[in-house]
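**Student:** quick one, structure for this:
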Amino acid sequence: MRAFLLLFLLFPFIELALLIQVGSVIGVLPTLLLVIGTGVLGAVLLRVAGVATAWRARERLARGELPEQEMLEGLLIAVGGGLLLLPGFISDIFGVLCLIPFTRRLLVNKVRLRAAEQAMRQRAFYDSPAGQAQRPDGARPNVLEGEYERRD
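**Tutor:** Here you go, the predicted structure:
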């Protein structure tokens, strides 16, 4: 968590340093045009990809299926479009990676696998309450039965 916080605090400085470096190599006007161009590209791609994902989700809902893939892709499209709207080249690279269908599907599949692993880890520590099904190894859960009396 500390690494994420440190990266979050350093990110604007890294972006600014890269903008200065690119500006010194290609000039101020081309750098500004690149930053503005990627912002416009992000807005256009956000609209196009978002509409396409919304239509696929609507089709799956019409078939009676849950559109979990489309929902996660829509989230990545929103993140990618937001990153493209931010001024800077590093955020643009990550934004484009979120908007390209191939890499977006790879990221979504990685998130789904990680969520499934997390769910399996949580199920591994679940003890069924008394009176319900036994654990997979056939052992009974550790339940202490008794009575109590409250004395005030």
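**Student:** per-residue pLDDT, Gln134?
**Tutor:** Note on Gln134: pLDDT of 53.
**Student:** actually Pro141, not the one I typed
**Tutor:** For Pro141, pLDDT reads 63.
**Student:** nearest residue to the middle of the chain?
**Tutor:** Leu76 (6.0 Å; C-alpha atoms, centre = their mean).
**Student:** packing partners of the host helix or strand of that residue?
**Tutor:** According to DSSP states H and E, Leu76 maps onto helix 68-85. Helix 68-85 is packed against helix 28-62, helix 89-99, helix 101-124, with contacts defined by 3 or more C-beta pairs under 8 Å, 6 or more residues apart in numbering; DSSP states H and E. Quick note: C-beta positions are derived from backbone N, CA and C, even for glycine.
**Student:** what sits against the residue nearest to the centre of the chain?
**Tutor:** Contacts for Leu76 (C-beta atoms under 8 Å, 6 or more residues apart in numbering) come out as Cys98, Leu99, Arg104, Leu107, Val108.
**Student:** what is the most widely separated pair among these?
**Tutor:** Leu99 and Val108 (12.6 Å; C-beta to C-beta).
**Student:** neighbour count: those two, which is higher?
**Tutor:** Neighbour count, other C-beta atoms under 10 Å: between Leu99 and Val108, Leu99 has more, with 23 against 19.
**Student:** wait, what's in contact with the residue lying closest to Leu18 once chain neighbours are set aside?
**Tutor:** Nearest residue to Leu18, sequence neighbours excluded (C-beta to C-beta, 6 or more residues apart in numbering): Phe89, at 5.4 Å. Neighbouring residues of Phe89 by C-beta under 8 Å, 6+ apart: Glu15, Leu18, Leu19, Val22, Leu34, Thr38.
**Student:** show me which of these are buried.
**Tutor:** Among the contacts of Phe89, those scoring as buried are Glu15, Leu19, Val22, Leu34, Thr38 (criterion: 16 or more other C-beta atoms under 10 Å).
**Student:** tell me if I'm right that Val22 and Thr31 touch.
**Tutor:** Yes: assessed by C-beta atoms under 8 Å, Val22 is found in contact with Thr31 at 5.3 Å.
**Student:** no further questions, thank you.
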